[in-house]
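**Q** sharing a sequence plus its predicted fold:
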Amino acid sequence: MTAAEIRRAFLEFFKERGHLIVPSAPVVPQDDPTLLFTNAGMNQFKPYFLGLAKPDSTRIADTQKCIRVSGKHNDLEEVGVSPYHHTFFEMLGNWSFGDYFKRESIRWGWELMTEVFKLPKDKLYASVYETDDEAEQLWRGETDIVPSHVLRFGKKDNWWSMGDTGPCGPCTEIHIDRGPQFDNDPNAFVNSGSRRYIELWNHVFIQFDAQPDGKLVQLPARHVDTGAGLERLATVLGGHNSNYDTDLFQPIIQAIVDKTGKAYSNEDSGIPHRVIADHLRCLTFAIGDGAMPGNEGRGYVLRRILRRAARFGRKVDLQEPFLHKLVPVLVDTMGQVFPEIKDRHAHIARVIEAEESHFGKTLDRGLEQFETVITSLRKSKSLEIPGEEVFKLYDTFGFPLDLTQLMARENGLTVDEKGFTAAMEQQRARARAAGAFKTAHHVSIAAETDVSTTFVGYDNLSVSTRIVVLFYNPDDGMIVFASEQTPFYVESGGQVSDIGQVEIQTDDGPLVAKVNDVVRRDKALIHTAQLDGIHPVLQTAADGQAWLTATLSVPRAHRDPTQYNHTSTHLLHAALRTAFGDHVHQAGSYVGPDYLRFDYTHFSKPTSDELSSIESQVNEWIRGNYRVTPQVKSLKEAQALGAMALFGEKYGDEVRMVEIADDERIVSANCAAAAM
Ligand code: SER
């Protein structure tokens, strides 16, 4: 049977038995702060079990998108290595909310497995909770299972709870013996961890609500919660060896083979294909449901998964961002059952691509660095990666600790975690010291009330000027200075500060330093720059014994894309107002060279049709090459001309009004603070 046939047969079976078929809940839980990701079919029904809400029907069935990445349920490092661990999977399930209980659940479980799916009865086993006499009797009385195949197990195997707290109860599971070809160990048996005996379907009899102190509070009603992993069923019913051989994964694996020319096998050489296929599913569904890669919580989990996929991609010579190109293959396979990934495919691919390219740049260098480290460890016959090396991988190459730990384990090594923490602490101390140096000197420059800097960066990206105050820290090469003029834009209206360089003239020739920060303090624009080596000439200047001339420059590669993105926020604002009405206001934004974000006020989420029409409108204006004209005006005058000013933004008497227009119409007019 194909996965689609199994899904359909399962839902049909329960529909015939009075169940309402509902769509999967999003994989990003909507209102359960105890959960990072939806990890079981019953999550969305938690309020029904607890008696906090009433379901539309007391019998429900569905296929639920689930993510299990770490913690109680899964181990990321197993995924792709084993034939059946996944980060993302589908769970088929049926529920009774205070309706039927153990008898029907067991009887129907057996009927579906043996009569619809036609699994051989003598190969099936049922496990029950050690004290659940009732379940054992029902198995013996309601089904024709081999009586000796009903087994009792303890809490570890036959008690299910959603987490440390929440709905829980004893369970009964259906297992199958796939035969000695999967494992010929004579001790292999149900729940022994063998690949020969695998669990197919869990039926939980929910009766309690676990409290934070561990107490079990009896629920007002008794419920049934079952879950069967579709991937496993597809493996068993399709006669496959591994979940990855099923039609849920094969199209993706085949696409990887086509792209790389690297054949797929069930052995270790197929690990990269399996990791990529699994992780692609997880990322696509999570991003499709609104999650974003990031540095915390859910976002961090996605980031780790993406980085792991990118790293395995390198093993099959996939150097350039590749994951996003596989999104359409997955959409073809699953978009019909889960239309949300079809609707949001462009967004999903864009988010994945941005994250891949961001990490890809450092990944290769990081992998080289990792190889160098382990080669030298092997030479010295050491089995532990020193904390400083782990820190370097983290700090310079963006390898999270657990990625390095994972790679270490794959190479039979461990990681000096304590050393890593110490190195991290040292760096924090250095950063604190540098921060203190910078802040102290920002304050002292601002206090010199006569320091005033003229911003010339709208017209010039490079200017030769005089540095009027400079502080220098020879220990780490940090320079803090203010000049008479600057082309550096200071963060304002969501647009990020410019970065660039300063070339300082000295008697010994020019010194070039990277400018990585600019801030405004009163009338002064204060730059922070970084320089390698020790330069006594700067020390002398800092002591006030020399004047310095310098050339400050902002690269076009930074400013141009930033400016385009800034203009695009105005276009987006105008397009949103056209689509939704004049109540749409800008509520914040990020404008950098890499991307833009635009926050706005509106009462509902845009539909995908609305989004595409807004997108087309913005693109049409861009292609129309409208004039972008800045003019300095009084705020009043600009507002009289219809220019939009940002609520809460501070403007001087004069504003810089930016108008986007052609001869016939004004697309947008916006105010920005004028005097820089
Ligand atoms: N909640 C149970 C599980 O996740 C049955 O669906 O296994």
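**A** Everything's here; your move.
**Q** and residue 551, how far from residue 131?
**A** In this view, residue 551 and residue 131 are 82 Å apart by C-beta to C-beta, to the nearest Å. Where you see a C-beta, it was placed from the backbone N, CA and C, and this is true even at glycine.
**Q** please read the previous query as pertaining to residue 489.
**A** Residue 489 sits 71 Å away from residue 131, going by C-beta to C-beta.
**Q** neighbour-wise, which of the two wins?
**A** The neighbour count for residue 489 versus residue 131, taken as other C-beta atoms under 10 Å, is higher for residue 489 (23 against 12).
**Q** in three-state terms, label residue 480 for me.
**A** Here residue 480 is recorded as strand under DSSP: H, G, I helix; E, B strand; the rest coil.
**Q** what about this protein, any weak spots by pLDDT?
**A** The model of the chain has pLDDT under 70 over residues 31, 33, 70-74, 449, 545, 646-652, 673-676.
**Q** show me the residue at the heart of it, geometrically.
**A** residue 293 (2.4 Å; C-alpha atoms, centre = their mean).
**Q** what is the neighbour count of residue 407?
**A** Per other C-beta under 10 Å, the neighbour tally for residue 407 reads 21.
**Q** for the residue in the chain positioned nearest to the ligand, give me its contacts.
**A** Taking C-beta to the nearest ligand atom, the ligand has its nearest neighbour within the chain at residue 227, 2.3 Å off. Going by C-beta atoms under 8 Å, 6 or more residues apart in numbering, residue 227 touches 40, 41, 42, 91, 92, 93, 201, 202, 204.
**Q** with only the CA atoms kept, save whatever helix or strand residue 639 lives in in PDB.
**A** Residue 639 belongs to helix 635-640 when assigned by DSSP states H and E. Taking C-alpha atoms only, helix 635-640 is exported to PDB below (Å, rounded to 0.1, in the frame of the first residue of the first chain):
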ATOM      1  CA  LEU A 635       7.300  69.000   8.800                       C
ATOM      2  CA  LYS A 636       4.100  71.000   8.500                       C
ATOM      3  CA  GLU A 637       4.600  71.600   4.800                       C
ATOM      4  CA  ALA A 638       5.500  67.900   4.200                       C
ATOM      5  CA  GLN A 639       2.400  66.800   6.000                       C
ATOM      6  CA  ALA A 640       0.200  69.200   4.100                       C
END
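**Q** against which helices or strands is that helix packed?
**A** When contacts are defined as 3 or more C-beta pairs under 8 Å, 6 or more residues apart in numbering; DSSP states H and E, helix 635-640 sits against strand 654-661, strand 666-673.
**Q** show me what counts as buried in it.
**A** Neighbour counts over helix 635-640 (16 or more other C-beta atoms under 10 Å) mark 635, 638, 639 as buried.
**Q** quick one: the residue of the chain closest to the ligand is in a helix?
**A** No: with three-state DSSP as the criterion, residue 227 is assigned strand and is not in a helix.
**Q** that one pairs with what?
**A** As for beta bridges, residue 227 partners with residue 202 under DSSP bridges.
**Q** can you name the element that comes right after the longest helix anywhere in the chain?
**A** If you go by DSSP state H, the chain has its longest helix at helix 345-379. Sequence-wise, the next helix or strand downstream of helix 345-379 (DSSP H and E) is strand 384-385.
**Q** other SSEs contacting that following strand?
**A** Judged by 3+ C-beta pairs under 8 Å, 6+ apart, the packing partners of strand 384-385 are helix 345-379, strand 414-415.
**Q** after the shortest one, heading C-terminal, what element do we hit next?
**A** By that I understand strand 414-415. helix 417-447.
**Q** quick check: residues of the stretch 1-150 of the chain near the ligand?
**A** Selection of the stretch 1-150 of the chain residues close to the ligand by C-beta under 6 Å from any ligand atom yields 40, 41, 42, 93.
**Q** for the chain, same thing?
**A** Counting by C-beta under 6 Å from any ligand atom, the chain comes close to the ligand at 40, 41, 42, 93, 160, 202, 204, 225, 226, 227.
**Q** what is the nearest of these to residue 509?
**A** residue 40 (67.1 Å; C-beta to C-beta).
**Q** that closest one contacts residue 166, doesn't it?
**A** No: judged on C-beta atoms under 8 Å, residue 40 makes no contact with residue 166 at a distance of 10.6 Å.
**Q** any idea how far the residue nearest to residue 641 when sequence neighbours are not counted is from residue 658?
**A** Excluding the flanking residues, the one nearest residue 641 by C-beta to C-beta, 6 or more residues apart in numbering is residue 669, at 6.3 Å. Per C-beta to C-beta, residue 669 is found 7 Å from residue 658.
**Q** overlap in contacts of those two?
**A** Joint contacts of residue 669 and residue 658 (C-beta under 8 Å, 6+ apart) do not exist.
**Q** contact partners for residue 362?
**A** 396, 397, 398.
**Q** likewise residue 338?
**A** Applying C-beta under 8 Å, 6+ apart to residue 338 gives the contacts 24, 65, 285, 288.
**Q** try it again with 10 Å
**A** Shown in contact with residue 338 (C-beta atoms under 10 Å, 6 or more residues apart in numbering): 23, 24, 27, 63, 65, 90, 284, 285, 288, 289, 330, 331.
**Q** ok, it to residue 374 distance?
**A** Taking C-beta to C-beta as the measure, residue 338 falls 41 Å from residue 374.
**Q** now swap in residue 17 and tell me
**A** From residue 17 to residue 374 the distance is 57 Å (C-beta to C-beta).
**Q** cool, and residue 443?
**A** 47 Å.
**Q** just residue 247 next, same as before
**A** Distance, residue 247 to residue 374, by C-beta to C-beta: 38 Å.
**Q** again with residue 355
**A** For residue 355, the distance to residue 374 - C-beta to C-beta - is 26 Å.
**Q** okay, those two: which has more neighbours?
**A** A count of neighbours by other C-beta under 10 Å puts residue 355 above the other of residue 355 and residue 374, at 24 against 17.
**Q** thought that one was touching residue 304?
**A** No: the pair residue 355 / residue 304 is not scored as a contact, 11.2 Å apart, by C-beta atoms under 10 Å.
**Q** now for those two: what residues contact both?
**A** Here residue 355 and residue 304 share the contacting residues residue 293, scored by C-beta under 10 Å, 6+ apart.
**Q** could I get the phi/psi values of residue 627?
**A** Main-chain dihedrals, residue 627, degrees, to the nearest 10: phi -70, psi 140.
**Q** no wait, residue 21
**A** With angles defined as degrees, to the nearest 10, residue 21 sits at phi -90, psi 120.
**Q** what sits against the residue nearest to it when sequence neighbours are not counted?
**A** Closest residue to residue 21 apart from its sequence neighbours, by C-beta to C-beta, 6+ apart: residue 11 at 5.2 Å. Neighbouring residues of residue 11 by C-beta under 10 Å, 6+ apart: 19, 21, 61, 62, 63, 92, 94.
**Q** please identify the helix or strand for residue 11.
**A** helix 3-16.
**Q** now residue 300
**A** Residue 300 is part of helix 297-315 when elements are defined by DSSP H and E.
**Q** tell me the angle that helix makes with helix 345-379.
**A** 70 degrees (axes from the mean of the first three to the mean of the last three C-alpha atoms, to 10 degrees).
**Q** could you give me the buried positions within helix 297-315?
**A** Buried positions in helix 297-315, judged by neighbour count with 16+ other C-beta under 10 Å: 298, 301-313, 315.
**Q** max pairwise distance over these: which two?
**A** 298 and 315 (26.9 Å).
**Q** residue ranges of the strands in the stretch 101-250 of the chain, please?
**A** Here the stretch 101-250 of the chain has its strands, by DSSP state E, counting those that start in this stretch, at 124-129, 150-153, 159-161, 166-177, 197-210, 216-229.
**Q** tell me how many other residues crowd residue 54.
**A** Neighbour count of residue 54, defined by other C-beta under 10 Å: 10.
**Q** for residue 444, same thing?
**A** Residues near residue 444, counting by other C-beta under 10 Å, number 14.
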